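Visitor: Okay, predicted coordinates and the sequence, questions at the end:
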Amino acid sequence: PNIALMPALRNEGFEISYRSKGWLHYVRNDDAVRRGRKSRMKIVTAIDSFKGSMTSMDAGKAVAEGIHRADAGAEVLVRPLADGGEGTVEALTSGMSGSRQQIQVTGPLGTPVICEYGIIEASGTAVIEMAGAAGITLVPDEKRNPLYTTTYGVGEVIRDAVKKGCRRFIIGIGGSATNDGGTGMLQALGYGFLDKNGNQIPFGARGLKVLETITEAHVLPELKECRFRIACDVTNSLCGEQGCSAVFGPQKGATPSMVVEMDQWLGNYAALAGKKFPKADPKKAGTGAAGGLGFAFLTFTDAVLESGIKIVLEETRLEEYIREADLVITGEGQMDGQTAMGKAPIGVAGLAKKYGKTVIAFTGATGVDAEKCNEHGIDAFFPILRNVVTLEEAMKNENAKRNLADTAEQVYRLWRAGTGSVSVF
């Protein structure tokens, strides 16, 4: 009897038609074929980095490992996720077959630093985090003073990418140490910000005090071919009570008197720019981002300020992957009420719910009001810690990946049992 062939034949869409002399006779059923094909589960992961522990791709691959323990035939598509801030270069570069670049540039204090950025060769796109060249983490507490910190290194990174053929840019501008209105970056790109004697103004916000003229005779010629998508979730204007000096200056080392002076200098800078560059609008939302870097991009380049997660979701074409998925998995290092206010996992959940998909999230830890995530598209979330350990032990890369894989395996087994599906392979 050919009873031993039953599982394989059923997987190919055959059903028993009749029995004759101890033999089983099969017929092919197109509906069964379709059911068999559908039973191969397709899962999409898009998980933000667990900062200090796992990268976005680390987390996705760990989930895939856990799922494959339970269901070797499942198709798991690991996609990168970031919100435009820390981790964006790593996520997009590694997740979109890009390459890492390292360049020595002028750091925020005017001394050399090594900045890493990514190039996605297929689209000629550079992925940059301004914090890598002018971030506050590059400045010791005792040296934080926005009168002197510069964005010059950001311009040097852009210039390097242009020379390597990039004409599209994704730039995250969070975590800055600067308040120079982006003049340092623009100087590196060839703009002249001159004092009354025709000399380039000094680095930092103090340079704005002596600014008299803006020139563009020596601007990098290729800059006019470049398009910039600026990841910016800040809506502050350039000047005023909600301007960059007043709101962000103190955390960068500004005293109350410095805040007043810098705000005035930035106002004068904007007025001077407006005489020559019609796009100058210091009242526009986001112009105060990164100490006025938002204003510089909008005024002097072909740039748009957009939500960081929006940029990442579009650039990775995540919606195309989610559309055909049976299950969507997301997450981040800590989920709490802030997550529910629009952080990266909620962006993923929003896309998934557009197509009626189940969304599961994994997190290193949960905080206050984490349950609000359930109101914004995440059907269930699961912390991955499996026993009592120190924070240091929990955050070790190998431990975190193992915990995530183990948790993902058990959660997937439960989900699959609930769907009544077994993958065919």
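Guide: Now that the structure is in, tell me what you want to look at.
Visitor: Hmm, G192 and K276 touching each other?
Guide: No. Using C-beta atoms under 8 Å, K276 makes no contact with G192, being 11.5 Å away. For the C-beta atoms, the positions are set from N, CA and C on the backbone; glycine is no exception.
Visitor: Show me the common contact partners of those two, please.
Guide: With contacts taken as C-beta atoms under 8 Å, 6 or more residues apart in numbering, the residues that reach both K276 and G192 are I214.
Visitor: how about the helices in the stretch 201-350 of the chain?
Guide: For the stretch 201-350 of the chain, helices defined by DSSP state H, counting those that start in this stretch occupy the ranges 206-209, 244-248, 256-274, 293-300, 308-315, 318-323, 344-354.
Visitor: Save these as JSON lines, and put in distance to G337 and mean neighbour count too.
Guide: Shown next, in JSON lines, are these (distance: least, C-beta to C-beta, whole Å; neighbours: other C-beta atoms under 10 Å):
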{"stretch": "helix 206-209", "distance to G337": "38", "mean neighbour count": "21"}
{"stretch": "helix 244-248", "distance to G337": "22", "mean neighbour count": "24"}
{"stretch": "helix 256-274", "distance to G337": "30", "mean neighbour count": "19"}
{"stretch": "helix 293-300", "distance to G337": "27", "mean neighbour count": "28"}
{"stretch": "helix 308-315", "distance to G337": "17", "mean neighbour count": "22"}
{"stretch": "helix 318-323", "distance to G337": "24", "mean neighbour count": "17"}
{"stretch": "helix 344-354", "distance to G337": "11", "mean neighbour count": "23"}
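Visitor: what's the closest of the ones you listed to N397?
Guide: helix 344-354 (20.1 Å; C-beta to C-beta).
Visitor: Just list the residues touching K164, thanks.
Guide: Here K164 is in contact with 101, 119, 126 (criterion: C-beta under 8 Å, 6+ apart).
Visitor: Try it again at 7 Å.
Guide: I119 (C-beta atoms under 7 Å, 6 or more residues apart in numbering).
Visitor: do K143 as well
Guide: K143 neighbours (C-beta under 7 Å, 6+ apart): L109.
Visitor: Distance of it relative to G190?
Guide: Distance, K143 to G190, by C-beta to C-beta, to the nearest Å: 29 Å.
Visitor: and what of E371?
Guide: In terms of C-beta to C-beta, E371 sits 52 Å off from G190.
Visitor: Also K276?
Guide: In terms of C-beta to C-beta, K276 sits 15 Å off from G190.
Visitor: Over to Q101?
Guide: Q101 sits 21 Å away from G190, going by C-beta to C-beta.
Visitor: So these two - more neighbours on which side?
Guide: Q101 (20 against 16; other C-beta atoms under 10 Å).
Visitor: Checking my notes, that one in a strand, right?
Guide: Yes. Assessed by DSSP: H, G, I helix; E, B strand; the rest coil, Q101 belongs to a strand.
Visitor: which ones are touching the nearest residue to G342 once chain neighbours are set aside?
Guide: Nearest residue to G342 in three dimensions, chain neighbours excluded: I309, at 7.3 Å (C-beta to C-beta, 6 or more residues apart in numbering). I309 sits next to 83-84, 344, 347 when contact means C-beta under 7 Å, 6+ apart.
Visitor: switch the cut-off to 8 Å
Guide: 83-84, 342-344, 347.
Visitor: same question, Y269
Guide: Counting by C-beta under 8 Å, 6+ apart, Y269 has contacts 181, 183, 208, 211, 292.
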